[in-house]
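# Sequence plus predicted model, see below.
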Amino acid sequence: MTRHRMTFPAELAERYLDEGLWQDETLDTLLARAVDTRPDAPAIVHPGGEITYSALSDQVANVAAGLVDLGLGHGDVITTQLPNIAEFLISHLAIARIGAVHQTIHMPYGPKDIEFHLAHSKSKAIITLAALKDIDLAGIMTGLQDKLPDLAHVIIVGDAPDGTVAFSALGSTGKPPVTEGPSKPADPCMLLYTSGTTSNPKGVPLTFQNLLCNSTDAANEFGFTEDDRILSAAPFSHLYGIFNFHAALIKGATAVLLPIFTPPDLAARVAETKPTVIFLAPAHAAAIIGMGLMESHDFSSVRFSVISGAACPVELLKRYHSFIPESQIAQLWGMTEIVAGCFSRPSDSIETAATTAGPPARGNEVRVLSPEGTPLPAGEEGDLQVRGPSVFSGYLDNPDANDAAFAEDRWFRTGDLAVMTEAGYIRLTGRSKDVINRGGIKYNPTDVEALLLQHDNIDQVAIVPMPDEVLGERACCFVVPTPAGAPTLEDVCEFLEGHKVSKYKWPERIEAVDEMPLTPTRKIIKGELVKLLG
């Protein structure tokens, strides 16, 4: 991935190294350490059984050999679109082993989103399922190979159709296992995408140093040990999900896998596998509480829960805690660009955990600024900026976005509004970026709006967030109809489905108005539309 040079200002990089914030570690060194100290301990517990650290290491070495045999290697981007299954984590470690860069694509993404991600990253290979429900993923990927000259290989977990490579074949090539790789701590490890403030997602390269310093801090602050069994309700394709796997690997703990979240599946998995730690989003917590699953299933093994991904209503967090009052709760605030920026600590009261995102992670600095750019005292709301060893170096091939994202001295403009308490804790109060945050998946609706303007019944359109107790936000579509009459919500969703727009971007409410509130330059004032929602 030579198109983006991973650089940090020399004085900051020197400080991070001198203070031990960046260490001489990669995923290889963490896995080797776990194998040395706990070879027979379970690294992964999945619905089909367990994989010990020793067996995991062997599988990673063999899959890495298979990837090399395909001609893949240092600096290449290799993509996965997989649920939280063992093959995801084996792929993650094997990609790192050969010095390649792991790009993830979320499972809900459809053909249009998949094509953009693969094209922008210039991915050389994708590892995915043959199909998901009635979606022919293998067919989608092989079809894209005609459009994407860089996409040399489609690797299928499960039955591999003609023209693809079976994932199982990667581990049985007969080639010598790849037990060591060329990766260095400063190399890019992952390439993740975030919508930000433009219609197209932005590529976020993250180094081993960015990722592992942050997960190490969290694992230490949260008191994780090798005896913990850590379950993620969040997908590993999301930074939050893979962040907690790294924390487990750092401690030689066990990752308990929940392939795809449904409320009953999460509750059953907790009761069956007895995890000690759960990472989840407010939407996950609201769903299992709302369906009475915390009452009907045994959650007593859970000693610690981390909640992140969207603003968590105070009463929801307290309600969740009431079912497992002996456990501890932490709230975490992060972004793809900064990993975990802040998180509350186990020693914090439930009130503090419910109302703040805690203090910064080790090494990170935060500040709250006025619109004029001056630091604000505790208690005053302003723009939140962050700087530190977990903050990325810049967007992939997007100089305009980088210019907008960074202030002087490498302070990253998060686009969030916040208040800092006297104790240095951060309380998030809103966002200045025009994005929808639906259950922790953030997207900009600009491309959907542009598409809907092609609808015969829509003259003007604006999509705005509406508060939701479960998901944090849902999308409401305001339209000025044409003389043909106002479209229904079903009309709009059917139209978007026909244009292969991912379902998570579909609006969930529609409101027809006679005219849009406009600025003098005829830009729609979305804040006024939000007020109409009450």
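It's in.
# and residue 109, what does it touch?
Shown in contact with residue 109 (Cβ atoms under 8 Å, 6 or more residues apart in numbering): 81, 117, 502. Glycine gets a C-beta too; all of them are placed from N, C-alpha and C.
# Among the residues you listed, show me the least confident.
Looking at these by pLDDT, the weakest one is residue 502, with 92.
# what about the nearest residue to it once chain neighbours are set aside, how many residues close to it?
Beyond its immediate neighbours in the sequence, the residue positioned closest to residue 502 (Cβ to Cβ, 6 or more residues apart in numbering) is residue 110, lying 4.5 Å away. Neighbour count of residue 110, defined by other Cβ atoms under 10 Å: 18.
# The one 3 residues further on too?
Other residues within reach of residue 113 by the criterion other Cβ under 10 Å amount to 21.
# Give the full set of residues in contact with it.
By Cβ under 8 Å, 6+ apart, the residues touching residue 113 are 105, 502.
# how about the contacts of residue 109 in TSV, adding secondary structure and neighbour count?
Written out in TSV, the entries for these read as follows (DSSP: H, G, I helix; E, B strand; the rest coil; neighbours: other Cβ atoms under 10 Å):
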residue	secondary structure	neighbour count
81	strand	24
117	helix	23
502	coil	19
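# so which of these would you say is closest to residue 278?
Relative to residue 278, the closest of these is residue 81; by Cβ to Cβ it sits at 24.5 Å.
# ok now do that closest one, which residues does it touch?
Residue 81 makes contact with 104, 105, 106, 107, 109, 114, 126, 127, 128, 129, 137, 237, according to Cβ under 8 Å, 6+ apart.
# do residue 37 as well
226, 252.
# go on, the one 5 residues further on?
Counting by Cβ under 8 Å, 6+ apart, residue 42 makes contact with 50, 51, 52, 53, 254.
# Just the contacts of residue 81: which are in helices?
Using DSSP state H, 114, 137 are the members of the contacts of residue 81 that sit in helices.
# Same list (the contacts of residue 81) but as JSON lines, adding distance to residue 31 and pLDDT.
Output for these, formatted as JSON lines (distance: Cβ to Cβ, whole Å; pLDDT from 0 to 100):
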{"residue": "104", "distance to residue 31": "19", "pLDDT": "97"}
{"residue": "105", "distance to residue 31": "24", "pLDDT": "95"}
{"residue": "106", "distance to residue 31": "25", "pLDDT": "91"}
{"residue": "107", "distance to residue 31": "25", "pLDDT": "91"}
{"residue": "109", "distance to residue 31": "29", "pLDDT": "87"}
{"residue": "114", "distance to residue 31": "29", "pLDDT": "94"}
{"residue": "126", "distance to residue 31": "23", "pLDDT": "98"}
{"residue": "127", "distance to residue 31": "19", "pLDDT": "98"}
{"residue": "128", "distance to residue 31": "24", "pLDDT": "98"}
{"residue": "129", "distance to residue 31": "25", "pLDDT": "97"}
{"residue": "137", "distance to residue 31": "28", "pLDDT": "95"}
{"residue": "237", "distance to residue 31": "20", "pLDDT": "94"}
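# will you turn the contacts of residue 81 into CSV that also has distance to residue 356?
Below are those laid out as CSV (distance: Cβ to Cβ, whole Å):
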residue, distance to residue 356
104, 29
105, 33
106, 28
107, 32
109, 33
114, 37
126, 40
127, 39
128, 39
129, 39
137, 41
237, 28
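# Not counting sequence-adjacent ones, nearest residue to residue 470?
Closest residue in space to residue 470, ignoring its immediate chain neighbours: residue 286 at 4.3 Å, by Cβ to Cβ, 6+ apart.
# thinking residue 298 is in contact with residue 272, fair?
No. Residue 298 is beyond contact range of residue 272, at 9.3 Å (criterion: Cβ atoms under 8 Å).
# Domain-wise, how is the protein divided?
Per the record, the chain has its domains at 24-362, 445-532, by automatic domain parsing.
# hey, which of those is tucked in deepest?
Per-stretch averages of neighbours, counted by mean count of other Cβ atoms under 10 Å, single out domain 24-362 among these, with a mean of 20.
# So residue 511: helix, strand or coil?
Classification of residue 511 by DSSP: H, G, I helix; E, B strand; the rest coil places it in strand.
# Please name the bridge partners of residue 428.
Assessed by DSSP bridges, residue 428 has beta-bridge partners residue 418.
# which residues touch it?
Under the criterion of Cβ under 8 Å, 6+ apart, the contact partners of residue 428 comprise 311, 333, 357, 384, 416, 417, 418.
# If we use 10 Å, what do you get?
Residues in contact with residue 428, defined by Cβ atoms under 10 Å, 6 or more residues apart in numbering, are 311-312, 331, 333, 342, 356-357, 381, 384, 414, 416-419.
# and those residues as TSV, adding pLDDT?
Output for the contacts of residue 428, formatted as TSV (pLDDT from 0 to 100):
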residue	pLDDT
311	64
312	74
331	94
333	93
342	96
356	93
357	93
381	86
384	95
414	93
416	84
417	83
418	89
419	93
